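**Q** Mind looking at a prediction? Sequence and model below.
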Amino acid sequence: MPKPVMLTVDDDPEVLRAIERDLRSHYAQRYRVMRANSGSAALHTLRELKARNNPVALMIADQRMPQMDGVGFLSEAKEIHPQAKRALLTAYADTNAAIDAINEARVHYYLMKPWDPPEEKLFPALDDLLHDWTAQFRPPYEGIRVLGTRWSSHSYDLRDFLGRNQVPYQWIDVELATTDPEVRRLVESLGPEAETLPLILFPDGQRLAEPALPAVAAKIGLHTRAQTNFYDLAIVGGGPAGLAAAVYGASEGLRTVIVEREAPGGQAGLSSRIENYLGFPSGLSGGDLARRAVAQARRFDVEILAPQEAMSICVEGPYRHVKLADGAEISCHALLLATGVQWRTLDVPGINRLQGAGVYYGGGASEAIACRGEKVYVIGGANSAGQAAMHFSKFADKVVMLVRGVSLAATMSHYLIEQIEKTPNIEVWTESTVIEVHGEARLSGITVQRGAEKKTEQFPATSLFIFIGAQPRTEWLGDLIERDERGFILSGPDLLRDGKRPASWTLDRDPGLLETNVPGVFVVGDVRHGSVKRVASGVGEGAVVVQFMHQYLAKVQ
């Protein structure tokens, strides 16, 4: 935490230098001593300190200053830093004004000029004030702060990005300024800057208004550019399968890079709880799994480029080239496709307009606390929807699961069904479908068809979370990599037709179990045709594929 500030204000340069000198001589080890030569300059400094979340312990102002006297300054300063102690510096003739200031302006103390010797006439009084301040002081949050509104899709994307990249931050909803005095003071201290949202405040004082995610990534130290242009192994996708392959590959001596479009952890990183992952009897969140895997990968010097997007791949002899969104290109001997899947979108009227403003795809972990005391709707009947419902039930007043089927049994794990049945504030509406969402700037309601008779009802709603399956995003591969009719990547035996190898296959052997139709290009995880859509399965494939890569690399000339 930065040192708490002691601010002294006086328009007389000699007096200002003298009191600053005495304060520094006695308090410099514990406090940061600052000065201002006018009330307006001091208020500007205080607003800047407020914006940076720097604590102010003590303000000392001379009474006789032009434009704004000491009492006037301290009265305004109290609105910006109400916990700071306030002292008035007066001449003998100003004693009555000082007493009135204590009674009417809530000034804590007044000091007479001259204060020599300070050991007797200055420090004892200030020590007493600072002791009281220290007893009540609670250190402010020192990290990144994000100002915005809950119903802004840009604010949601920003919070989701920081959360998924394991970057701690404090969320400040500016709409609370009418009811929360601390939020109001911060907004007022920022002035016109608070009108351009979302706004990120960094501990070093820098601010980014309406920032693009690459700019935020650069500021917080994420890497989007490769350190070199050639690797033994390049992995596109940083979910559990890609991270597992990176750990095993790098630990066995392969120089490895991961290219991740959003954040390490993939779709699994959005899961509020994974309870059937081997070795974690109490379960763990997707965020925890991602954090542990990223730390392990980095321990083996895996480079992680995120957010960064692969746009295309091409083959040139033994080299595989990946072109990135920023125009850069990396090359490798072995390429692994581990791009996973993305949430299938709900195609109903109004849905696109309200995405990020009450309508969310995926776990919505960053929104759970904001749903405290509300009614939350969750669409879907598979494990991801059940895990989300359990998570939201800890905050929301009620969680309603809208399930298209007649029960959860066909699509959800038994342990999760039992948990849902035992949670009193979760309701499951079977044979239910959302056919329309309502609202302009934010979600205000949903229309649902329920039951075999398809009765239509409209309900007020502020939060709708959608888990209706997933689909691959593989169109960027063009015609180079063979895929099934749904876009999932074919590999191994699935490439053989009537026992014949693909026309693009150039080696005198069949494609390996996790190898695509292009030698040296492999696929693992949910994006692979026929894969088991489980975290443990993805991790297993990521570990196994490295053995096939070694066999391939041993013959690369």
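**A** Happy to help now that I have it.
**Q** Test my guess that N37 contacts D10.
**A** Yes - applying C-beta atoms under 8 Å, one finds N37 in contact with D10, separated by 7.1 Å. The way it works is simple: take the backbone N, C-alpha and C, and place the C-beta from them, glycine included.
**Q** what do the two both touch?
**A** Residues touching both N37 and D10 (C-beta atoms under 8 Å, 6 or more residues apart in numbering) are L16.
**Q** Out of the two, name the residue with the larger neighbour count.
**A** Using other C-beta atoms under 10 Å as the criterion, N37 and D10 rank with D10 on top: 26 against 14.
**Q** In the chain, mark out all the helices, start to finish.
**A** Applying DSSP state H to the chain gives helices spanning 13-27, 39-51, 70-80, 95-104, 118-121, 123-136, 153-164, 181-190, 213-219, 240-251, 286-299, 383-392, 414-421, 535-553.
**Q** most tightly surrounded among those helices?
**A** With neighbours taken as mean count of other C-beta atoms under 10 Å, the helices of the chain reach their highest mean count in helix 240-251, at a mean of 28.
**Q** what's the angle between that one and helix 535-553?
**A** 40 degrees (axes from the mean of the first three to the mean of the last three C-alpha atoms, to 10 degrees).
**Q** so what secondary structure elements neighbour helix 240-251?
**A** Judged by 3 or more C-beta pairs under 8 Å, 6 or more residues apart in numbering; DSSP states H and E, the packing partners of helix 240-251 are strand 230-236, strand 256-259, helix 286-299, helix 535-553.
**Q** can you put these in CSV and add mean pLDDT and distance to I144?
**A** CSV is the format used below for these (pLDDT from 0 to 100; distance: least, C-beta to C-beta, whole Å):
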stretch, mean pLDDT, distance to I144
strand 230-236, 97, 28
strand 256-259, 98, 24
helix 286-299, 92, 17
helix 535-553, 95, 29
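**Q** Reformat those as CSV; add distance to A461.
**A** Output for the helices and strands packed on helix 240-251, formatted as CSV (distance: least, C-beta to C-beta, whole Å):
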stretch, distance to A461
strand 230-236, 37
strand 256-259, 37
helix 286-299, 25
helix 535-553, 30
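**Q** Can you say which of the ones you listed is nearest to I80?
**A** Distance to I80, taken as C-beta to C-beta, is lowest for helix 286-299 among the helices and strands packed on helix 240-251, at 36.0 Å.
**Q** Tabulate the CA atom coordinates of that closest one in PDB.
**A** C-alpha atoms of helix 286-299 as PDB (Å, rounded to 0.1, in the frame of the first residue of the first chain):
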ATOM      1  CA  GLY A 286     -13.000 -24.100 -13.800                       C
ATOM      2  CA  GLY A 287     -11.100 -21.000 -13.000                       C
ATOM      3  CA  ASP A 288      -9.000 -22.800 -10.400                       C
ATOM      4  CA  LEU A 289      -8.200 -25.600 -12.800                       C
ATOM      5  CA  ALA A 290      -7.200 -23.100 -15.400                       C
ATOM      6  CA  ARG A 291      -5.000 -21.200 -13.000                       C
ATOM      7  CA  ARG A 292      -3.200 -24.300 -11.800                       C
ATOM      8  CA  ALA A 293      -2.700 -25.500 -15.400                       C
ATOM      9  CA  VAL A 294      -1.400 -22.200 -16.600                       C
ATOM     10  CA  ALA A 295       1.100 -22.000 -13.700                       C
ATOM     11  CA  GLN A 296       2.300 -25.500 -14.500                       C
ATOM     12  CA  ALA A 297       2.700 -24.700 -18.200                       C
ATOM     13  CA  ARG A 298       4.700 -21.600 -17.400                       C
ATOM     14  CA  ARG A 299       6.900 -23.500 -15.100                       C
END
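**Q** And for it, what's in contact with it?
**A** 163-164, 166, 240, 243-244, 246-247, 250, 258, 263-266, 268-272, 274, 277, 304, 363, 365, 535.
**Q** For R473, see how far away the residue lying closest to G525 once chain neighbours are set aside is.
**A** Leaving aside its sequence neighbours, G525 sits nearest to A241 (C-beta to C-beta, 6 or more residues apart in numbering; 3.1 Å). With distances taken as C-beta to C-beta, to the nearest Å, A241 is found 15 Å from R473.
**Q** ok, back up a step: my guess is the residue nearest to G525 meets V341, correct?
**A** No - counting by C-beta under 8 Å, A241 stays clear of V341, with 11.3 Å between them.
**Q** Touching both of those two, which residues are there?
**A** Shared contacts of A241 and V341, counting by C-beta under 8 Å, 6+ apart, come down to D526.
**Q** what about V302, neighbour count?
**A** V302 has 24 nearby residues by other C-beta under 10 Å.
**Q** For it, which residues are in contact?
**A** By C-beta under 8 Å, 6+ apart, the neighbours of V302 are 246-247, 250, 256-258.
**Q** what separates L496 from R528, distance-wise?
**A** Taken as C-beta to C-beta, the span from L496 to R528 is 16 Å.
**Q** Comparing the two, which residue is more hemmed in?
**A** Neighbour totals were compared for L496 and R528, and R528 leads with 27 against 14 (other C-beta under 10 Å).
**Q** does the more buried one have beta-bridge partners, and which?
**A** I489 (DSSP bridges).
**Q** Does it touch E541 like I think?
**A** Yes - with contact defined as C-beta under 8 Å, R528 counts as touching E541 (7.3 Å).
**Q** Spit out the residues that contact those two alike.
**A** With C-beta under 8 Å, 6+ apart as the test, R528 and E541 both reach L514.
**Q** Out of the helices and strands in this structure, which is least certain?
**A** helix 95-104 (a mean of 69; mean pLDDT, DSSP states H and E).
**Q** so who does the nearest residue to L284 once chain neighbours are set aside touch?
**A** Distances taken as C-beta to C-beta, 6+ apart place I274 nearest to L284, at 5.9 Å, with adjacent residues excluded. Residues counted as contacts of I274 (C-beta under 8 Å, 6+ apart) are 268, 280, 283-286, 289, 387, 535.
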